[in-house]
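Engineer: generate coordinates for the sequence data below:
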Amino acid sequence: MLHNDRIGSILLIVLALFATPSIAPAQEILEDVILITRDKEVVAFSSAGNKWVLIALRAQERIVDSRTASRVALVVTNQRALGFSSITNQWSETKIDVGEQILEMEAKGFVASVDTNFRALGFGGRQGAWQEYRYRFR
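Structural biologist: Alright, predicted model coming up:
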């Protein structure tokens, strides 16, 4: 009896292993964006759009910092935050307010963020648009 129970248990385990769907490896996101910054312009290239896309800097505008990720590029200047999406193949911008201090910037995969003393800015690379969250307590 004990022998049959053991064989039955082993068969159940083997069947469960075969019935369990295999877990596919995480899809690798290849680097898709190249970013070049200059004194008067910023250009980005993505394999999806297969062309360089320029955004000109304004008078008195200077680059504070920049980041690239798999599908987005992020450039912060003293006047605005610029996000480039490899999916839409275009730049999107949001204004940096007077007195707003950049605390942290990050770009990962399809998203980028800018944390300031007033708000958090998020750039969605799939839509190519900015969203903001204003801090209630400062």
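Engineer: distance between the ends of stretch 116-132?
Structural biologist: 11 Å (Cα to Cα, to the nearest Å).
Engineer: please point out which parts of it sit buried.
Structural biologist: 116, 118, 121, 122, 123, 124, 125, 128, 130 (16 or more other Cβ atoms under 10 Å). To be clear about C-beta, it is placed using only N, CA and C from the backbone, and glycine gets the same treatment.
Engineer: go on, stretch 92-99?
Structural biologist: Counting neighbours by 16+ other Cβ under 10 Å, stretch 92-99 gives 92, 94, 96 as buried.
Engineer: from the residues you listed, which is closest to residue 58?
Structural biologist: residue 96 (11.9 Å; Cβ to Cβ).
Engineer: residues in contact with the nearest residue to residue 85 once chain neighbours are set aside?
Structural biologist: With Cβ to Cβ, 6 or more residues apart in numbering as the criterion, residue 85 has its nearest non-adjacent residue at 3.7 Å, and that residue is residue 128. Residue 128 makes contact with 83, 85, 87, 88, 90, 92 under the criterion Cβ atoms under 8 Å, 6 or more residues apart in numbering.
Engineer: per-residue confidence for residue 128?
Structural biologist: pLDDT, residue 128: 97.
Engineer: you'd agree residue 75 is up against residue 66?
Structural biologist: Yes. Residue 75 is within contact range of residue 66, at 4.5 Å (criterion: Cβ atoms under 8 Å).
Engineer: the more surrounded of these two?
Structural biologist: residue 75 (25 against 17; other Cβ atoms under 10 Å).
Engineer: which helix or strand contains the more buried one?
Structural biologist: strand 72-77 (DSSP states H and E).
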